[in-house]
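Enquirer: pasting the structure only:
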Ligand code: GDP
């Protein structure tokens, strides 16, 4: 699961991406991650894991991670294949969600590609490139479905949805804002890979002062929030410059720095947590003297498949999972005490894992 960072030039993408790579997780522990210059792998902040580390004093501490891809260079005309446009659209096609960085800071030194700051216009510029590319795809599918109706009436529903979707896109609205929850629409959206249908987080990049003192009064931020609301999308305020500054600090120094600014968490940490959630991901936890670790699963994953994240043998030979909710474990103080109180449940193959479950698997080898 990857998120692509997009936005117009000079909005702060590289600054944010630098912060991400500086803060980067030790990639040796995550063999499934891509190691490329434009990919950054970061730990998902998780206070529960810190608490488990306090309880178990483990040799190894392994948080969950997510990958961000820097997709620089998306400009007006990309969908027409101008410049390197097509390559960027292809890069966006490969990610599961989009982080759209929007400039909400003023500066006389850093020029804006369109002359002045305007989040609404900036967002539209990027979104339109994605929408133009989607229009071509939807038009092609519609032509095909229309031809098929002659042979089989069952294509009529599909053609109707595609026609409505095409009209929606032609009005400049992204596919993710297409409000039709009929079965036909669900089928069409699930089988048509649309760029503007990908989930998005708008990152409002503002100056230090606004981020520390006055996020809510930043006029540009308000504009971003309005657009996001209409699309059912999220907004995360950030100051990319602060993030870059603190990105190579130790955990303790970072906490001290943030406390001095009266901040409880960094913008990047909030972005990471929101990104994880946007992708529909949750963590279950394993804890022992050897290692405390967070394991990434999709919401709704059942016990054997969750076990398979650790090792395929765990899935094949799955017998039961011993599960306790994180809060219960902490309240009891230890696994032994929790067992005595009957709070450790024995769950079978149909159990759906919950975020923050602390787990021990029983399996046949
Ligand atoms: P990109 O083209 O979107 O990758 O933008 P960059 O990250 O290269 O940023 C463009 C310029 O804006 C750089 O000079 C950054 O230092 C500056 N910049 C980025 N974020 C901020 C910010 O929050 N405040 C101010 N004042 N400048 C910023």
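Expert: Thanks, I have it. This is a predicted model, so every value here is computed, not measured.
Enquirer: ok, the helix or strand containing residue 127 near the ligand or not?
Expert: Element membership for residue 127, per DSSP states H and E: helix 119-151. No - using Cβ under 6 Å from any ligand atom, helix 119-151 never reaches the ligand; the gap is at least 10.8 Å. C-beta: built from backbone N, CA, C; applies to glycine.
Enquirer: for that helix, packing partners?
Expert: helix 85-93, strand 97-103, helix 155-170, helix 219-231 (3 or more Cβ pairs under 8 Å, 6 or more residues apart in numbering; DSSP states H and E).
Enquirer: what angle sits between the shortest one and helix 119-151?
Expert: Here strand 97-103 runs at 150 degrees with respect to helix 119-151, directions being taken by axes from the mean of the first three to the mean of the last three Cα atoms, to 10 degrees.
Enquirer: what inclination does the helix holding residue 127 have with respect to helix 155-170?
Expert: Angle, helix 119-151 to helix 155-170, by the same axes, to 10 degrees: 160 degrees.
Enquirer: now helix 119-151 against helix 85-93, angle please.
Expert: 80 degrees.
Enquirer: How far off centre is helix 119-151?
Expert: Offset of helix 119-151 from its chain centre (Cα atoms, centre = their mean, to the nearest Å): 24 Å.
Enquirer: Please apply the same query to stretch 153-162.
Expert: Stretch 153-162 has its C-alpha centroid displaced from the chain centroid by 32 Å (Cα atoms, centre = their mean).
Enquirer: Stretch 20-30 now?
Expert: Centre-to-centre, stretch 20-30 and its host chain are 17 Å apart (Cα atoms, centre = their mean).
Enquirer: do it and the ligand meet?
Expert: No - under the criterion of Cβ under 6 Å from any ligand atom, stretch 20-30 makes no contact with the ligand; the nearest approach is 11.7 Å.
Enquirer: and that stretch, which residues are buried?
Expert: Using 16 or more other Cβ atoms under 10 Å as the test for burial, stretch 20-30 gives 20-25, 30.
Enquirer: want to try TSV for those, with distance to residue 262 as columns?
Expert: Putting those into TSV (distance: Cβ to Cβ, whole Å) gives the following:
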residue	distance to residue 262
20	24
21	27
22	23
23	21
24	27
25	28
30	34
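Enquirer: about what we covered before: ranking the helices and strands packed on helix 119-151 by mean pLDDT, which is last?
Expert: Lowest mean pLDDT of the helices and strands packed on helix 119-151: helix 85-93, a mean of 82.
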